[in-house]
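Peer 1: here is my input, please return the structure:
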Amino acid sequence: MWMLHLIWQIIKLKNKPQSFRTIKNLIVNYLEPFFKDKKIQNITAEDYLNFQISIEKQKFSFAYKKNLHFCAVEFFNYCIKFDYIEKNVASAVGNFKNNYQIEKKVDFFTLEEFNKFINVADNTVYKILFDVLFFTGIRIGEALALTFEDFNNDYLTINKTISKEFYNGKRAVTLPKTKKSIRTILIDSKLSEEINALHEYYNKTFKCVNQNFYIFGGIKPLSNTTVERYKNKYCDLANVKRIRIHDFRHSHATLLISNNVPISAVTERLGHSNISTTLN
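Peer 2: Down below sits the predicted model:
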């Protein structure tokens, strides 16, 4: 294999499963095929520049190219660390050129729009999921990873997340995005009542519910694709704009800020690493 076995093992050890798979896919699909006829120590800055030119022809987004460059830099850094090479040609050449693409629009529901949306929800589990997303601002992966062990009548404990990908046949449950993402979220009595009602619903459905049951799904978590499908269905029925699942998080932040909640409190509630992320 073009990529050295030891480097693979180090990268796997240092990254979460989902991150490792992303890095591996980028390297295997792009770096390895381009440099397959070159020994690691013979790759020059000119070679890496030609690699970038070949990638530019594929019209990827700048964010995607940036990730690819980051993977290359990290890979060559590991090679330097273990004395395979002396110089990081990816760092020397620098990142891909940013063509200043138009940024994706950040969208959200107003409270009025959300009320229209939630009033047409006809499935109890998904209705409560959307209530939790809108009124807590937690990420969809964090919500789907919640078990009844994470639920107290006054708060939710956020200490894990679920990947969209499968690992060994199961959804990968990992640590949250950052250390700041590990937090407790205060909830109001209405959300608490809804989650308790879900517990009763699962009791009737499965006859026996333990603390390891997923709040949104029961024995196994809901799938992202099904959540997306229900979201679009309710948007259309309510005649409101279709927003992304992640935009429920933006909606919550907007709701708090419009009600004069201090930005520092919003940052803490969302689990952002710093205030600038929240402001952006």
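Peer 1: tell me the pLDDT of L31.
Peer 2: What the model reports for L31 is a pLDDT of 86.
Peer 1: quick one: neighbours of T205, just the number.
Peer 2: 10 (other CB atoms under 10 Å). Just so you know, the C-beta spots here come from the backbone N, C-alpha and C atoms, and that holds for glycine as well.
Peer 1: element containing it?
Peer 2: helix 189-206 (DSSP states H and E).
Peer 1: that helix: how far from the chain's middle?
Peer 2: In terms of CA atoms, centre = their mean, to the nearest Å, the centre of helix 189-206 is found 27 Å from the chain centre.
Peer 1: for the helix or strand just after it, buried residues please.
Peer 2: Using DSSP H and E, the helix or strand that follows helix 189-206 in sequence is helix 224-238. Buried residues in helix 224-238, defined by neighbour count with 16 or more other CB atoms under 10 Å: 224, 227, 230-231, 234-235, 238.
Peer 1: equivalent analysis for stretch 36-44, please.
Peer 2: Quick answer for stretch 36-44 (16+ other CB under 10 Å): I43.
Peer 1: quick one: the helices in this structure?
Peer 2: Remark: helices assigned in the chain by DSSP state H are 5-14, 17-26, 32-35, 45-56, 62-81, 89-93, 111-119, 124-136, 140-145, 189-206, 224-238, 247-258, 263-270, 275-279.
Peer 1: could I get the ones you listed as JSON lines with distance to L156?
Peer 2: Shown next, in JSON lines, are the helices of the chain (distance: least, CB to CB, whole Å):
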{"stretch": "helix 5-14", "distance to L156": "30"}
{"stretch": "helix 17-26", "distance to L156": "22"}
{"stretch": "helix 32-35", "distance to L156": "43"}
{"stretch": "helix 45-56", "distance to L156": "42"}
{"stretch": "helix 62-81", "distance to L156": "30"}
{"stretch": "helix 89-93", "distance to L156": "42"}
{"stretch": "helix 111-119", "distance to L156": "19"}
{"stretch": "helix 124-136", "distance to L156": "7"}
{"stretch": "helix 140-145", "distance to L156": "9"}
{"stretch": "helix 189-206", "distance to L156": "8"}
{"stretch": "helix 224-238", "distance to L156": "18"}
{"stretch": "helix 247-258", "distance to L156": "13"}
{"stretch": "helix 263-270", "distance to L156": "11"}
{"stretch": "helix 275-279", "distance to L156": "19"}
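Peer 1: touching the helix holding T205 from outside, list them.
Peer 2: 124-125, 128, 131-132, 135-136, 148, 151, 153-154, 187, 209, 213, 215-216, 218-219 (CB atoms under 8 Å, 6 or more residues apart in numbering).
Peer 1: give me the buried entries from the residues you listed.
Peer 2: In those, burial by neighbour count holds for 125, 128, 131-132, 135-136, 148, 151, 187, 209, 213, 215-216, 218, counting by 16+ other CB under 10 Å.
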